[in-house]
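Q: have a look; sequence and predicted model below, questions after that.
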Amino acid sequence: MNEHDKIRELLALAAADALTSAEEKRVAEHVRSCIACSNEWEAWRPMASELRRLPTPQPSSWLLQATLARAEAKFTEQAEHDWNRRVVIFVVAFAWLLTIASWEVFHIVSGRFERLLGPQFSPTSFRHTLISFAAFTALEWLAGGVAAVMLAIRQRGERRLV
Amino acid sequence: MAVDADVVRLRRGDLNALSELINRYQNRLYRYLLRIVRQPAEAEDLFQQTWLRVVEKIRSFDASRNFDAWLFTLARNLAIDHLRRIRPESLDEPLANSWHSENVVDRISSKDRTPLDHALAAERRTEISEAMAGLPMIYREVLTLRFEDEMKIEEIAQVTAVPVSTVKSRLRRSLEQLRDALEAQYPGGRWQ
């Protein structure tokens, strides 16, 4: 491909202002000395000019209002979701803290209780107490989990109704 | 830059910033979507979806990046998904005489001097609009981003997720096809 053909290919891009400065210089120099390319360049210019001046379709005012209303609702929903997530994280952390702390309390209380009972205290009954405590804690967690799921389902249902 | 300030405010949860951004980008974004899907009702729906997506994703947006390119990329992805779902063939094939039904000529804000100039300019733009609507989607897109939105080639490459060389190649082909369409539609006219 000779220089003339190469420049010819660049003319459309020149009309779109999409050439590098070096390419622009090459095109300008060639167009000055080549009548065919000069004519071709003159054919591209009005089209590029009109493309830049095409009318801009305007979105209607109701569309802007509706978009803003929907976006705001989404924004609020997201903020609520974030808040709920933070609350859940806090509640779970707090529940774990309470559980761990209650184990310590249990140890202290059971130790004193054991001392009160004296040497006739049976280690089997202590194990039963320990199992009961573990079962109670597990039950508590299960009940908490079920309540959380039911609340989430209810909240989702309410949101759908809204 | 004002846009960056609004984006930062939006990331902090300021709803007024959202309103500012919608107002600022309304014309450009709506025009871009309309050029891609060609149906006003679909463009309006995608316009709303784009802003909902902005609200969803704004926290993951890196404020040091170009918001324009990010916004148009979101819009483009939604528009392409929509076209794939509704009219898979429309991504490649031209669809004649659909965009022009939007009556864009009525909305021309011209600075021409005489009524005759005004009429001729309107006619030329109508011809271009009609010819452009007949081009494949990727060519309509690159034309509107370059000439109407005046995006740099690098920004167009970001939005369309292709290399700069591909953008230039698409731009050249789109102009050539547009010219061919105008010459075929108006033989012996001003486009030759």
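A: Okay, I see it.
Q: for residue 28, grab the count of nearby residues.
A: Using chain A. Residues within reach of A:Ala28, counting by other C-beta atoms under 10 Å in any protein chain shown, total 13. (Glycine included, C-beta is placed from N, CA and C.)
Q: look at chain B instead
A: 20.
Q: ok, it - contacts?
A: Applying C-beta atoms under 8 Å, 6 or more residues apart in numbering or on different chains, we find B:Arg28 in contact with B:148-149.
Q: change it to 10 Å
A: Residues counted as contacts of B:Arg28 (C-beta atoms under 10 Å, 6 or more residues apart in numbering or on different chains) are A:56, B:68, B:71-72, B:75, B:144-145, B:148-151.
Q: mind checking which of those residues are in helices?
A: Filtering the contacts of B:Arg28 for membership in helices, criterion DSSP state H, returns B:68, B:71-72, B:75.
Q: mind listing what's buried along the helix or strand A:Asp5 falls within?
A: Here A:Asp5 sits within helix A:3-15, counting by DSSP states H and E. Of all the residues in helix A:3-15, those buried under the rule 16 or more other C-beta atoms under 10 Å in any protein chain shown are A:7-8, A:10-15.
Q: those residues into a markdown table, with extra columns for pLDDT and distance to chain B?
A: Formatted as a markdown table, these follow (pLDDT from 0 to 100; distance: C-beta to the nearest C-beta, whole Å):
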| residue | pLDDT | distance to chain B |
| --- | --- | --- |
| A:Ile7 | 90 | 13 |
| A:Arg8 | 89 | 11 |
| A:Leu10 | 92 | 8 |
| A:Leu11 | 92 | 9 |
| A:Ala12 | 92 | 4 |
| A:Leu13 | 93 | 5 |
| A:Ala14 | 93 | 10 |
| A:Ala15 | 91 | 7 |
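Q: quick one, what contacts the residue most central in space within chain B?
A: Residue closest to the mean C-alpha point of chain B, counted by C-alpha atoms, centre = their mean, is B:Tyr32 at 2.0 Å. B:Tyr32 is in contact with B:25, B:43, B:46-47, B:50, B:71-72, B:75-76, B:79, B:140-141, B:144-145, B:148-149, B:151, B:159, counting by C-beta under 10 Å, 6+ apart.
Q: and the helix or strand hosting A:Gly144, how far out from the chain middle?
A: Here A:Gly144, judged by DSSP H and E, is contained in helix A:123-161. On the basis of C-alpha atoms, centre = their mean, to the nearest Å, helix A:123-161 is displaced by 30 Å from the centre of the chain it belongs to.
Q: does chain B have contacts with it?
A: No. Under the criterion of C-beta under 10 Å from any C-beta of the partner chain, chain B is not reached by helix A:123-161; the shortest gap measures 15.5 Å.
Q: show me the helices in chain B, by range?
A: Secondary structure of chain B (DSSP H): helices located at B:2-11, B:15-37, B:40-57, B:67-86, B:115-133, B:137-143, B:153-160, B:164-185.
Q: of all those helices, which one is nearest A:Cys37?
A: Distances from A:Cys37 to each of these were compared using C-beta to C-beta; the minimum, 15.3 Å, belongs to helix B:164-185.
Q: so is that closest one next to chain A?
A: Yes. Applying C-beta under 10 Å from any C-beta, one finds that helix B:164-185 is in contact with chain A at B:164, B:167-169, B:171-176, B:178-179, B:182-183.
Q: quick check: PyMOL command selecting the buried ones in the residues you listed.
A: Those of the residues of helix B:164-185 next to chain A that count as buried under 16+ other C-beta under 10 Å are selected in PyMOL with:
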select buried, chain B and resi 167+168+171+172+173+174+175+178+179+182
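Q: hmm, back to that, the helices of chain B: lowest mean pLDDT?
A: Looking at the helices of chain B, the lowest mean pLDDT belongs to helix B:2-11 (a mean of 79).
Q: and it, what does it pack against?
A: Counting contacts by 3 or more C-beta pairs under 10 Å, 6 or more residues apart in numbering or on different chains; DSSP states H and E, helix B:2-11 is packed against helix B:15-37, helix B:40-57, helix B:67-86.
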